[in-house]
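> sharing a model that was predicted from the sequence below.
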Amino acid sequence: MAQTFLNLAQGVTGTLPNANFSGGKVLQVVSVEYGTQTGTTSSTYSDTGLTLNITPSATSSKILCFPSMNGLYNNNGDTNADFILVRSGGASGDGDITTLSSTAMFDADTKAVGGETVSCTYLDTPSVSSALTYKVQFRSSNNSHQVLINTYIRGNARAKCNLTLMEIGA
């Protein structure tokens, strides 16, 4: 197959766009992995142990969040493992900023064998340039049944949850 070369100095009319794009640049990335098996039977949200800090460089920055909860397991009957992403700090104050995209449903007949994953992507607008703390919390939808994270994947290596935060410039 023959190669074709274009000569931009000939045959092109008009002005080429300026390549000076603003905004949308990744300014920093931080990530944490958490591998300790943690469980709850509570129907009240509690910490999973997955926590991460980031300090935006400008109040106009956004924080792109990627939480991933891995190795989910239910050891007793039908229940959901519900997760929320929580932020401390920011102009809108502390509190829940998003519920992960779905709950992990476990069926009593086909219990998860430590391989289920729940993850999401969330773009946060904290409007501050001071330190922020993000963490993932979880609960059992049925407070008599335990849900676990970071269990063994099909009897092999222990799964690990992770959280990645990216500061995106305005």
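Nice, I can see it.

> now the strands: where do they sit in the protein?
Secondary structure of the chain, counting by DSSP state E: strands at 26-34, 38-40, 46-54, 62-74, 79-88, 95-99, 104-106, 116-119, 122-124, 132-140, 147-149, 161-168.

> for the second one, what does the pLDDT average out to?
Across strand 38-40, the average pLDDT comes to 86.

> so what does it touch, helix or strand wise?
When contacts are defined as 3 or more Cβ pairs under 8 Å, 6 or more residues apart in numbering; DSSP states H and E, strand 38-40 packs onto strand 46-54, strand 132-140, strand 147-149. The C-beta positions use only the backbone N, C-alpha and C, and glycine is treated the same way.

> closest to Arg87 out of the ones you listed?
Arg87 lies closest to strand 132-140 among the helices and strands packed on strand 38-40, at 5.4 Å (Cβ to Cβ).

> ok, residues contacting the closest one?
For strand 132-140, contacts defined as Cβ atoms under 8 Å, 6 or more residues apart in numbering pick out 40-48, 50-56, 63, 65, 67, 69, 79-90, 100, 126, 146-147, 149, 161, 163, 165.

> just list whatever residues bridge to Asn53.
Counting by DSSP bridges, Asn53 forms beta bridges with Thr133.

> and the gap between it and Leu163?
Separation of Asn53 from Leu163 (Cβ to Cβ, to the nearest Å): 11 Å.

> between the two, point out the one with more neighbours.
Remark: of Asn53 and Leu163, Leu163 carries more neighbours, 23 against 14, as counted by other Cβ atoms under 10 Å.

> tell me the contacts of Thr164?
Thr164 sits next to 29-31, 65-66 when contact means Cβ under 8 Å, 6+ apart.

> now do the same contact list for Asn53.
Counted by Cβ under 8 Å, 6+ apart, Asn53 has contacts 30, 131-134.
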